[in-house]
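> Provided below are the primary sequence and the corresponding predicted coordinates.
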Amino acid sequence: MNTEQAFQIAQAILLSLGGGAIIVVGLSSWLGKVWASRMMVSERAKYASELEELKAKLHKEAEHNNHLLLQKISLYKEAANPVIALVVKALHQGDLPKGDLQQFDNERLSTTALLAMFAPQDVFDTYNDMIDYIYDSFEKKQDWEFDTFRDKALIFLSGIRRDIGLYDDSVHYNGTR
């Protein structure tokens with residue numbers, strides 16, 4: 001065996017090994033891309049599913065919160081109506097009407113129960129302060145003054161505004177009546 005033949009044999013061995021290596025590298029690269037693509041599709045599907053679950057949960061919570069807010073607004077309206085009706089009569093008659101006090105008392109008890117169930121403590125307290133003022137005035141423990149009542153009512157309404165998330169500030173009467 002001469003040197004030239006040895007180089008040809010070595011070259012043939014290297015070429016066959018190199019060609020095989022190229023084929024192995026090419027196949028492994030292709031196989032890696034296929035596996036990566038499959039894993040990516042699987043991960044995308046998993047994240048898309050999780051995202052849809054989160055969207056559905058968020059939508060359900062938003063609907064629930066909107067429903068509660070509408071209920072709360074309705075209950076606050078219901079709580080304010082008896083007081084408004086009594087005060088309107090008092091303004092037109094110049095004093096708190098005795099005949100309407102029993103009806104007001106029934107409505108007030110219902111309102112107190114509603115507020116105790118859904119209103120925060122500060123709103124409940126301001127409502128009771130306003131009601132105490134009405135009763136103290138009726139019982140002649142103090143004089144009825146619409147301005148004083150209005151201030152107490154605005155404090156109550158400001159608490160309602162904060163509770164339902166409309167505004168954080170307080171309402172004040174700036175008029176002259």
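Nice, I can see it.

> could you use CA atoms for every contact and neighbour count after this?
Noted.

> distance check, the residue nearest the centre of the chain against Lys72.
In the chain, the centroid-proximal residue (CA atoms, centre = their mean) is Asn65; its distance is 5.4 Å. According to CA to CA, to the nearest Å, Asn65 and Lys72 sit 10 Å apart.

> report pLDDT for the residue nearest to the centre of the chain.
Looking at Asn65, its pLDDT stands at 88.

> over to Ser28?
At Ser28, pLDDT is 76.

> which of the three states applies to Lys140?
coil (DSSP: H, G, I helix; E, B strand; the rest coil).

> packing partners of the helix or strand hosting Pro82?
Element membership of Pro82, judged by DSSP states H and E, is helix 3-93. When contacts are defined as 3 or more CA pairs under 8 Å, 6 or more residues apart in numbering; DSSP states H and E, helix 3-93 packs onto helix 101-118, helix 146-164.

> which phi and psi does Lys141 have?
phi -80, psi -20 (degrees, to the nearest 10).

> tell me the contacts of the spatially closest residue to His172 that is not a sequence neighbour?
Leaving aside its chain neighbours, His172 sits nearest to Leu154 (6.6 Å; criterion: CA to CA, 6 or more residues apart in numbering). By CA atoms under 8 Å, 6 or more residues apart in numbering, the contact list for Leu154 reads 170-173.

> what about Arg150, neighbour count?
15 (other CA atoms under 10 Å).
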